[in-house]
Every structure is written in structure tokens, then in C-alpha cells.
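>>> Sequence below, structure please.
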Amino acid sequence: MSKGELPDVNLNYDNNALAEMTNALAQLRDGLQRTSTFAGEIGKSNFNASFAPLSEKDVLGSALLEMRNKLKNAAESDALRNWISEGFAKISNILHRNTDDIRSVSNELISDLVMYVEAQQGVVYLVNDENEKDIFIEPVSFFAPGRTELNLKRIDFKEGVVGQVVFTNRRIHLQNVKETIPPIETGVAKIAVCDVFVMPLFAAGRVVGAVEIKSAQPLTVNMREFIERVAEPIASNILNLKANLLTRKLLEESQLKTRELAQQDDELRQINNELMVQSGRLKQSESALRKQQETMQKVNAELEAKALLLEEKNMTIEDAHKALAFKADQLERSSKYKSDFLANMSHELRTPLNSVLILAKLLSENRTGNMNPKQIEHAKVIHKSGSDLLVIINDILDLSKIEAGKLELIKEPTALTEIVGNMEQLFREVSVDKQISFKTEIDSSLKDLIHTDRVRIEQVLKNLLSNAFKFTPASGTVSFKVTKAAPGVAFRNEKLQNSKSVLCFSVTDTGIGVPEEKQKLIFEAFNQADTSITRKYGGTGLGLAISRQLTALLGGDIVLDSVENKGSTFSIYLPQYDDSTPVAIGEMVRPVKVQSIKDDTRQAVIFAADDSNVESWKSLLAIENIKVTAFSVPDDISSAKEVALVIVDQTLSDKEYISMVHMIKGMNATKNAAIISRSVSEYVPSEIASAILLHTTAPVSQALISQILSKVYASDYALISESSEMNFCEPQEKTVIPIFKSLSAQNKNSISLEGKIVLIADDDMRNIYSLSTLFENEGATVVYAMDGLEALECLKENPGIDLILMDIMMPNMDGLQAMQEIRKINAFVHLPIIAVTAKAMRDDREICIRAGASEYITKPVNSELLMNHVSTLLKLNP
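Coordinates of the predicted model:
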């Protein structure tokens, strides 16, 4: 033992002193054995071997234990340094290897960093300061095994943990966050997050971003220290990359500018050479320029003087323009005032004329038999003169409405044969009386339809034909033709220029003609070719002015070709089809699809050329709980059950019209049916006039159709029966049925108003007197009111009133208000009311019907038309 050996001690002494010595020596040997073993483990670098000193006073054991601890700490420090150095070396290698792309560098850095600290997920955030007005933090790369995206978004400063770290430049370590942060998804499993460590990337005095590490195990101090140590070189490298990228961008821009400057330098050099050449030429021309300069100085002086004169002239012209503009404004206002005045004056003119015509008509009929033939002739002259005056008033009213912009057009498909036929019928008797040959012709190659306002085109044609017959002497010729416009005609109207098909309506006569210098003048209002014509032929000079403006409204032109003393040709050019509502030629008149008829006692049948018309009738009659079935021709209803109402909504020739009514009356289903007819023509053939309950050119009001249908389906009238006598032959004349006619087709002379009470509401006693006379002659009792309020009082005092004639323009309460109040009283909901107005504007009828009128008539009142309305309304409301 003294030599360092530790032999076994096996001495056995009985003596107590020696025994204790021997035991002590054995214990010493065992202690030295453990101490030497522990020292051997330390020599092997096993710093975790267990060892306990022999006692508190064991100097050697304590020294060895202290040595072991120091060596262990030194070894751990070396291992940490080596671990950090190796990790730092990896990061440095990545930073030095990638010098071009920040995103690729970030991807490698975050993947190596996460794996090196044995974490599960990491993200690199960088500050985006490209836009100084919008600086934010954006994720540029992430590492998450099993994931292709993390749905990361931009972060504002102070927003969330990352925003706080970047804003404060202080790291944040979140520990034991399993309950507050969503788990990490690896694609095959979900791992709870234990620690989150966010480290700012700071370098060169600024924060460039942050690194976020998520780990399923607690991050050790060494791991956090490693992240902190590599944060600065990462930040520095990112700054360098940004600087390099910016430098490269600036370098590229600089190189581009250099190339552009070099190119510009070449161009400037070339330009300079050209300038030098030009300079030489300029020097050669200097002497010539000096001479020219002297001349130019003189010219400039003259120009300055002229400029002053021109400026003075311009000022004068400007003053003239202002004066013209002022006069134009005054003229426009004057024209509007004139138009408004004429429109209002028509009311004042029609009111007294109404009394003149009614009383003159009554006198000419001489019902009392106390007038001699001369007096009857005087009354007829008065009535004729009043009618002529009415024509003039209507012309003035038309002109005023056109100029005031209040004239509305109703364009619809119209048959050319119907227009020509109407003109032939109107002027055939005139041609015979004046012994003038009258010829009409339609180009056979034309389609028979035109889309226009039939009423207005016929008004223009009537004016032209009237003039033609007026200015053509006996044995002369007047011709009316409809052809396709000749090619090469220069149209003024834009609609004609854009139209694919243009028709020409020409009226030619062999009359006195129009001098060339007067041909433009005759289209002006109140002008004629010569004042002597006014004295010889009469007229106001309004016809052609109205014709020209109406033609323009219809989208056409009117052209005059005339030779004095040889005749004239007036040509009206109109588009055949309205381009605003294009209709295929083959579809303008088409049969309606046949529908099956249902067994229903309240049912109507319609023959229509347009599906839209069928739908409008269906809507109108649906309110009355009546079903409408549409057919193409009467043959289609041969097997249907009997119906009480037939509607014909088509434009037909006379022959077609007669044939259709014949077939309707020949079918068992419709032989006893009432017939309502609507078309663009005001006429129906006289042979079938008595079979028509209602004929109209306009939509029928709901109030009127309700009254008619209530009587038709209640069988209050004996409808036209199968035995009704009808003459189905070629028509020789046509009958006008204004708006509608009475069911029994009674004529004027058979009207009896005995026992009927008629209320006349009018503020003009002349009208009351004339209308009272008219009704009293028919046996009626007349009461009157001067305004709407008095009319209401009269109704209260005389509840048995059978009919009201309601003037529209009255003081205190006008006719429209009065009709509305009357219709509010249950007892008078169906009381017949005929509205009477003298303004005669196009929309007056609809306004009156909406206010509650059963029918509408204009002043001066046509007594026959009025009695026709009265007869029908009283039959509907006995």
C-alpha cells in the first residue's frame, strides 16, 4: 500500500487492538479502491459516474469530485461551442452560397434552422418597404414538413406576436402554449405546440424581419442562444442581398440609360452633321433673307394694319351673332307662344261653332215643318259654312300641335291597298262632278304593307289630292301612284337615308302648275303661289305646310316637280318599315297558333293577326272572367261549343272581311255571337255593318267592355241570329262606324229618347241651348249644370238621370274631377257619361276614359255621331 498497491487484507487477530487496526486498514483499502475507480472513469471522460466521498473529511474524494464537475462543465461548454459553431458554419455556408435570391436563401435558412434546433415549423418574415406609404411585414418562406402552404398573410406593425417583435426589436418566447395555439399539422398527424420563439432580424441599426420557430418540445437555452447568434448574420446577409438587388437594378437602369444616351449621342452627332450642312446652306441664303426681311417688314406693317381692321370686323360680327342669337331666342319663344295661343284658341273657336252647327243642322231638318225651302237652304248654307270653318280650325290646330311638339304618331302595319282604296273612294265622286279623270295604281312588285301612321299619311294624301282636283280644270287628269323610290334619289331625312326600303306616294295633275320661283314658298304656312289663287280658288295656305311637317314627322320627304300651266307632281317618300321596331316581312301578318277550346259558357273567340293583340284582349277580358281562344280562320271552330262573343282584330280587304263574317255567322258555334271588330281602317263594308256590335280603330276601355259584356252574357239583347239578312256581294261602298255602333243597327231617325232624362254640364249657355234643343227634339227631358259641383248637386236632386254630357273645361270643378267624383258613388258607377271637349288633343280620349267617361266626343259636336253614342250607351244601360 505504501507503494501504491491495494492488496487484499486478510489478517485475523484475536487481540482487539490488532483487530481494529486490521479493519481500519481494510476500510482504507476499499476507500482507495473506489477512489481509484472514480478517477479512472474521469480519465475516460465519463463525467456521469456516481461517487460519494468516504466522509466529510475525505480530502481526496472531495478533490476528485470537484475535479469531475469542473471537467464536466468544461466538456459541456466545449460541446455547446462545437454545436453552435457547426450550426453557425452551416448557416454561414448557406449565406455565402446564395447571393441572388432572398426567397431561396430564406427557404434554405429556415429549413436548416428548424431541423438544427429539432423544432417542427418555422417562418421567415421580412419587412416590405418598397412603397414608403405602405410598409408591412410579409412571410417570404416557411418550413413545415408535409405542408405545401400555411395560409400566411401580410402583417402590420404591432399586429400579433410577429408585429410586436419587429416593432420593438425584442425577442418573445412563449412557453407551454399547447392550449392556446393550434397544433402543427404534418400531413399525417397533428402535433401540439409547446414553445414558440420569435427572434427579430436586426442589423445595421434596423429591423429587417423576424424568425418564428414552433416546437413540440421546450426550446433549451442553448437552442435559443443559437437562434439569437445566427439572427444578426442572417439579417446582415438579407440587407446585403437587398442592397445587391437594388444595386443590380440601378446598374441595369444605368446601363440602359447609358445605351440610350449613346444612341442619343449618335443621333445628336448625325443631327449636328446635318445642322452643319444646313448651316452652310443658311449662310448662302442669308443675303437673300436680308432682302426678303426688308420686304417682310413692309408686309408685316401692312398685315398689322389689316389685323386691326379684321379685329374690328370680328367684333362687329360677334355683336351681330349675339343680336341674332337674341332674336332667335325671341323667335323661338314667339313661336311657342303662338302655338300655345292657337291650341287654346281652338277651344274658344269650337265652343260657339258647336252651337252654330247643331242649331243649323236642326233647322235644316225642319222637323216642325214651318220653314220654306229657301229658309231650309239658308240653314244648310250656315251648316256648310260652319263645317268649312271647322276644317280651317282643324288645320290651324294641327299646325299648332306640330310646332308645339304635341303631335304624337301611332305607327302600325297598314295595307297599301287600303290607303289607295280609301283615297279612290273619297275622290271618285269629286272626279265625276268635275269631269276629271282619276287614276290610281300600286306597283305590283311591292309588299302590300307599310309601317306608318295611317291617319296622318292619309291626311297628307287628302291635302295633295284636294289641291290636285282644285287646281285641275275639267277634262284634266289626276293620278295617284304608289311605287318603290327610284334609285339615286337624294333624301334629306336621315331615316330615309338609313332605310332599306323606301316607298314613293306620288300625286300628279295636269293643272295650272306652280312657277319655279314660288315652289319653295307654297310649303310655308299661310302662303300660296299667288294671291290671285286665293281669290279664285280659296283656301288658307295651310295644307302643304301641314303636309310637309307631317311627312317629316313620319320620317320622310316631300318633293315638288312642277311646270307652270302644265301640271305638278308631289312625291312623298316614306320608309316602308319602321327601323325602331323591325318586323320581318313574312311576320307582319301571320296566323295565330290554334289553341284548344274549353267547355266554358263565358268564353270568347278571337281572330287576330298578331300574338300581342291576342294577349291584350286576353288581359282585358280576364278581368271579366272570360276565357279567350285564338284561331286562324273560322273553319277551325266548326266543332266547338257555342260562344256569345267573337273578336276580329285584323286588317282585311273588303272581300276578306265579308267572307270572314259570312263564315262566322254560318258556324253553329258563332251564329248567334256578337261581333267586336278592330282594325286600322275607320270603315267596314256596308253589307256587313249591321252584323257588327262594335267597330273601333283604337283600344277599347275597360269600362266600356265591362258594360258590353255584362249585357252580352246576360242575354239582355237579341243577338244577330242565323236568319239575319246579309248581302254577301262585291262591296259598292263602305260604311263608317265611328268608335262603335248600336247592336240593333238602328239608324238615326229611329232613335227615341222618350222618358229619358239627360244632364248637360257646360259653362257656356250657347252649348246648353243647342244641345238641349237636340235632345228635346228626340223626346228627352234636359237638366243642366254650369260646372262640376252643380252637376253633382243635380245628380243628388235627380237620381233618375239616364245620361250625362260632361264638358271638360269648366270653372270651380272641371269635367274630369266631376266624373271621378260621380264614379265614386255606387249608384252611378255604370251611368253613361259622354265627355265633351273642344281642345281635341290626341291623348284627350284616354284621359277622359281614365277619369270615368263612357265615351268621348269633340266640339263641334257631330249630332249623328252623338246620337249614335247615346243610343248604344242607353241600350247598354236601360
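
>>> Tell me where the stretch 751-878 of the chain is predicted with low confidence.
Applying pLDDT under 70 to the stretch 751-878 of the chain flags residues 751, 838-843, 878.

>>> where exactly do the strands run in it?
Under the criterion DSSP state E, counting those that start in this stretch, the stretch 751-878 of the chain contains strands at 757-761, 781-785, 803-807, 833-837, 855-858.

>>> In a markdown table, list those strands along with distance to A216.
From N, CA and C alone the C-beta is placed, and that goes for glycine too. As requested, the strands of the stretch 751-878 of the chain are exported to a markdown table (distance: least, Cβ to Cβ, whole Å):
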| stretch | distance to A216 |
| --- | --- |
| strand 757-761 | 100 |
| strand 781-785 | 102 |
| strand 803-807 | 96 |
| strand 833-837 | 94 |
| strand 855-858 | 93 |
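
>>> Buried deepest among those strands, which one?
strand 803-807 (a mean of 27; mean count of other Cβ atoms under 10 Å).

>>> Give me the distance from it to the chain's centre.
When distances are taken as Cα atoms, centre = their mean, to the nearest Å, strand 803-807 is centred 43 Å away from the chain's centroid.

>>> what do you get for stretch 510-522?
48 Å.

>>> how about it: buried residues?
510-514, 518-519, 522 (16 or more other Cβ atoms under 10 Å).

>>> One more: stretch 544-556?
In stretch 544-556, counting by 16+ other Cβ under 10 Å, buried: 544-551, 554-556.

>>> so of the residues you listed, which ones are in helices?
If you go by DSSP state H, the buried residues of stretch 544-556 have 544-551 in helices.

>>> Quick one: residues contacting L554.
409, 452-453, 456-457, 574 (Cβ atoms under 8 Å, 6 or more residues apart in numbering).

>>> how close does it sit to R103?
74 Å (Cβ to Cβ, to the nearest Å).

>>> hang on, F607 packs against S659?
No. F607 is not in contact with S659 according to Cβ atoms under 8 Å; the separation is 11.8 Å.

>>> the more surrounded of the two?
F607 (24 against 16; other Cβ atoms under 10 Å).

>>> Please identify the helix or strand for the closest residue to I172 other than its chain neighbours.
In space, and not counting its chain neighbours, I172 is closest to V198: 4.8 Å by Cβ to Cβ, 6 or more residues apart in numbering. Element membership for V198 (DSSP states H and E) is strand 195-203.

>>> now for whatever helix or strand comes next after that strand, which elements pack on it?
Note on strand 195-203: by DSSP H and E, the next helix or strand toward the C-terminus is strand 206-215. Packing partners of strand 206-215 (3 or more Cβ pairs under 8 Å, 6 or more residues apart in numbering; DSSP states H and E): helix 102-116, strand 121-128, strand 136-143, helix 160-168, strand 195-203, helix 221-365.

>>> Let me know the angle separating strand 206-215 from strand 121-128.
160 degrees (axes from the mean of the first three to the mean of the last three Cα atoms, to 10 degrees).

>>> now strand 206-215: mean pLDDT?
Per-region confidence: strand 206-215 scores 91 on mean pLDDT.

>>> One more: stretch 294-310?
Per-residue scores along stretch 294-310 average to 89.

>>> can you list the domains in this protein?
1-97, 98-219, 412-575, 585-736, 748-876 (automatic domain parsing).

>>> So which of those is nearest Q255?
domain 98-219 (17.8 Å; Cβ to Cβ).

>>> Partner strands of the helix or strand that contains F505 and their direction?
Element membership for F505, per DSSP H and E: strand 502-509. The pairing partners recorded for strand 502-509 under DSSP bridges are strand 477-484 (antiparallel), strand 567-575 (antiparallel).

>>> Figure out which of the ones you listed is closest to F142.
Short answer: strand 567-575, nearest of these by Cβ to Cβ, at 72.3 Å.

>>> Which elements pack onto the next helix-or-strand element following the closest one?
Sequence order places strand 603-608 as the next helix or strand after strand 567-575, per DSSP H and E. For strand 603-608, the contact count by 3+ Cβ pairs under 8 Å, 6+ apart identifies helix 611-622, strand 627-631, strand 645-649 as packing neighbours.

>>> Just to check, the residue nearest to I172 is in contact with A210?
Yes. Look at V198 against A210 with Cβ under 8 Å: they come within range, at 5.7 Å.

>>> Of those two, give the one with the bigger neighbour count.
A direct count of neighbours by other Cβ under 10 Å for V198 and A210 places A210 higher, at 28 against 23.

>>> and the closest residue to E778 other than its chain neighbours, what is it in contact with?
Spatial nearest neighbour of E778, chain neighbours left out: L753 (4.2 Å); criterion: Cβ to Cβ, 6+ apart. L753 makes contact with 775, 778-780, 870, 874 under the criterion Cβ under 8 Å, 6+ apart.

>>> What subset of the residues you listed is buried?
775, 778, 780, 870, 874.
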